[in-house]
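*Asks:* generate a structure from the sequence data that follows.
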Amino acid sequence: MTFEFNAYSSPLLFGFIQGWIYALLLWVRAWREERLSDWLLGWVLVGLSLNIWEYMLGFGGIEILWRELEFFPRTLGFLFPALCYFYLKSQINADFRFTRHDLWHAAPFLLYVVYHVSVFSMGPAFVERWKSTVHYPYHINDLETIASIGLDVYYLTLSLRLYQHYRAWIKTQFSDTEVISFRWFRNFLIALTTTFLLSLLMLILDLTFELTFWQEWWDELAGVFMIYYVSIHGYAQVQPGRRLLFAQASVQTIIAQPLPDGVGVERERVAESALEASGSVRPLSKPPTTLAMDLVPWRDTLLVYMDNERPYLDPDLSLNDLARRLKTNTSVLSPVINAGTGKNFNDFVNQYRVDAFKRQALDPANAHLSLLGIGLDCGFNSKATFNRAFKKLTGQSPREFVESN
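*Replies:* Here you go, the predicted model:
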């Protein structure tokens, strides 16, 4: 049994080896750094590799899978979409761990394995008889195909929804979302969706025109590109500096807390003077039914603290950091910001940075400084974040603002 290297088998072989090598590298790093996401990404690569090995061996002249191992499960099949979803879930929540409730996600795969192993264990003659009298006549193979497509669509939908919720969440938790926005998350989803649509197209073409084994090779070649992309970019992606603890949960019940000692002294008078001095971030005129009366003191205290202590100058400021400085928790501070200022946390903090930039940029004493340098001094930590936030909050670029003034 010799593997035949040719234009069809060689690319698949190289992709197969690539997938397993990077899976091992990811598992080593996962064991060393106790990172569940690397364990799962390693299994994603194994799933991608097993998706192409039937054609790889077939084009290489090895037919063991169709002779000695006919009907034996030889891919991760129904488990693969769930693996991709849980990999993404573990990426944005460092505390994610599997529970008993998650076992049902493996049920379709286990059912598939039990069925195929039970038939396979009866011997080659029984397998052939079963295929001709039960498996194909009763369209069990068609049901498996439909179930596979359904699972792909279901978990892609879950992953897209997870990504949307995560993107909305980070805007309420961090003042700079550039590092933790996970561009890789988005690109991984795009790659998965593209691969799925291509496979679906090839299936339709196969059912319509009865493609040959050789014509279906293009679908497998796309799988090789997917392996190379996921292995290289997935392994090399930069992990966020802070532990991400995103969870898709309902809004927490707000528990009113007393103001910290010393913070509320002459609160009303100081708050009014601070708001007059800062024309940028003002509380909305909300009735008590919209902004609870017990949150109004927190709103005033927050605005005074932002003006006096200027925590927005910290580029890595997060909602948790600000809550800790105010001696409260995020479940109180988050609704104070959202309902009290009409902004999410990201826009709330960046508004202060933008206003600080406006003041400094128009100061003749800073004429020798670059616009980016001033922006960095005001709390932004990158040019991209600075330009994006300024454009969003003012409708102008920093340069357009300076030139117009």
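*Asks:* ramachandran coordinates for Arg74?
*Replies:* Torsion angles at Arg74 (phi, psi; degrees, to the nearest 10) stand at phi -130, psi 10.
*Asks:* sorry, that was for Asp363
*Replies:* Torsion angles, degrees, to the nearest 10, at Asp363: phi -80, psi 120.
*Asks:* helix/strand/coil for Val224?
*Replies:* helix (DSSP: H, G, I helix; E, B strand; the rest coil).
*Asks:* hmm, it is touching Ile17, no?
*Replies:* No. Counting by CB atoms under 8 Å, Val224 does not reach Ile17; the two are 10.6 Å apart. In short, each C-beta sits where N, CA and C put it, glycine included.
*Asks:* for the chain, longest helix please?
*Replies:* helix 140-173 (DSSP state H).
*Asks:* what's the angle between the helix or strand just after it and helix 140-173?
*Replies:* Once the chain leaves helix 140-173, the next helix or strand it forms, by DSSP states H and E, is helix 183-209. Per axes from the mean of the first three to the mean of the last three CA atoms, to 10 degrees, the angle that helix 183-209 makes with helix 140-173 is 160 degrees.
*Asks:* so how far is helix 183-209 from its chain's centroid?
*Replies:* Counting by CA atoms, centre = their mean, to the nearest Å, helix 183-209 is centred 19 Å from the centre of its parent chain.
*Asks:* returning to that earlier point: so Val224 and Ile17 - more neighbours on which side?
*Replies:* Between Val224 and Ile17, counted using other CB atoms under 10 Å, Val224 has the larger neighbour count: 22 against 13.
*Asks:* sorry, back to before: packing partners for the longest helix of the chain?
*Replies:* Other elements packing on helix 140-173 under the criterion 3 or more CB pairs under 8 Å, 6 or more residues apart in numbering; DSSP states H and E are helix 80-92, helix 107-120, helix 183-209, helix 319-325, helix 330-341, helix 345-361.
*Asks:* which among these is found nearest to His165?
*Replies:* Of all the helices and strands packed on helix 140-173, it is helix 80-92 that lies closest to His165, at 9.5 Å by CB to CB.
*Asks:* mean confidence for the closest one?
*Replies:* For helix 80-92, mean pLDDT is 95.
*Asks:* how about the secondary structure of Leu65?
*Replies:* With three-state DSSP as the basis, Leu65 sits in coil.
*Asks:* what's the neighbour count on Asp347?
*Replies:* 19.
*Asks:* oh, that last question was meant for Arg29, not what I typed.
*Replies:* Close neighbours of Arg29, defined as other CB under 10 Å, add up to 16.
*Asks:* I'd like to know how far it sits from Phe348.
*Replies:* 37 Å (CB to CB, to the nearest Å).
*Asks:* go on, Trp43?
*Replies:* Using CB to CB, we find Trp43 at a distance of 40 Å from Phe348.
*Asks:* of these two, who's got more company?
*Replies:* The neighbour count for Trp43 versus Phe348, taken as other CB under 10 Å, is higher for Phe348 (24 against 20).
*Asks:* ok, that one touching Ser334?
*Replies:* No. With contact defined as CB under 8 Å, Phe348 does not reach Ser334; the gap is 10.4 Å.
*Asks:* so how far is Leu326 from Thr172?
*Replies:* 16 Å.
*Asks:* from Glu70, how far out is the residue of the chain most remote from its centre?
*Replies:* When distances are taken from the C-alpha mean of the chain, Ala125 lies farthest, 47.5 Å away, according to CA atoms, centre = their mean. To Glu70, Ala125 is 11 Å away according to CB to CB.
*Asks:* with Phe246 instead?
*Replies:* 45 Å.
*Asks:* looking at those two, which one has more neighbours?
*Replies:* Legend: neighbour count by other CB under 10 Å for Phe246 and Glu70, higher for Phe246 (19 against 16).
*Asks:* quick one: contacts for that one?
*Replies:* 92-93, 165-166, 169-170 (CB atoms under 8 Å, 6 or more residues apart in numbering).
*Asks:* skipping adjacent residues, who's closest to Asn372 in space?
*Replies:* Careful, residue 372 is Leu; it's not Asn. Excluding the flanking residues, the one nearest Leu372 by CB to CB, 6 or more residues apart in numbering is Lys383, at 5.5 Å.
*Asks:* Leu371 is in contact with that neighbour, correct?
*Replies:* No. Contact criterion CB under 8 Å: Lys383 and Leu371 do not qualify, at 9.5 Å.
*Asks:* who has more neighbours out of the two?
*Replies:* Leu371 (20 against 14).
*Asks:* how far away is the nearest residue to that one once chain neighbours are set aside from Ile190?
*Replies:* Distances taken as CB to CB, 6+ apart place Pro398 nearest to Leu371, at 4.9 Å, with adjacent residues excluded. Separation of Pro398 from Ile190 (CB to CB): 31 Å.
*Asks:* these two: which is more packed in?
*Replies:* Set side by side, Pro398 and Ile190 show more neighbours around Pro398, with 23 against 10, by other CB under 10 Å.
*Asks:* and that one, what is it in contact with?
*Replies:* 357, 361, 371, 375, 386-387, 390.
*Asks:* let's see 7 Å
*Replies:* Residues near Pro398 by CB atoms under 7 Å, 6 or more residues apart in numbering: 357, 371, 375, 386-387, 390.
*Asks:* picking up where we left off before, can you say which of the contacts of Phe246 are buried?
*Replies:* Buried members of these, counted by 16 or more other CB atoms under 10 Å: 92-93, 166, 169-170.
*Asks:* for the residues you listed, could you give me a markdown table that also reports distance to Leu295?
*Replies:* Shown next, in a markdown table, are the buried ones among the contacts of Phe246 (distance: CB to CB, whole Å):
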| residue | distance to Leu295 |
| --- | --- |
| Ile92 | 29 |
| Asn93 | 28 |
| Tyr166 | 26 |
| Trp169 | 21 |
| Ile170 | 23 |
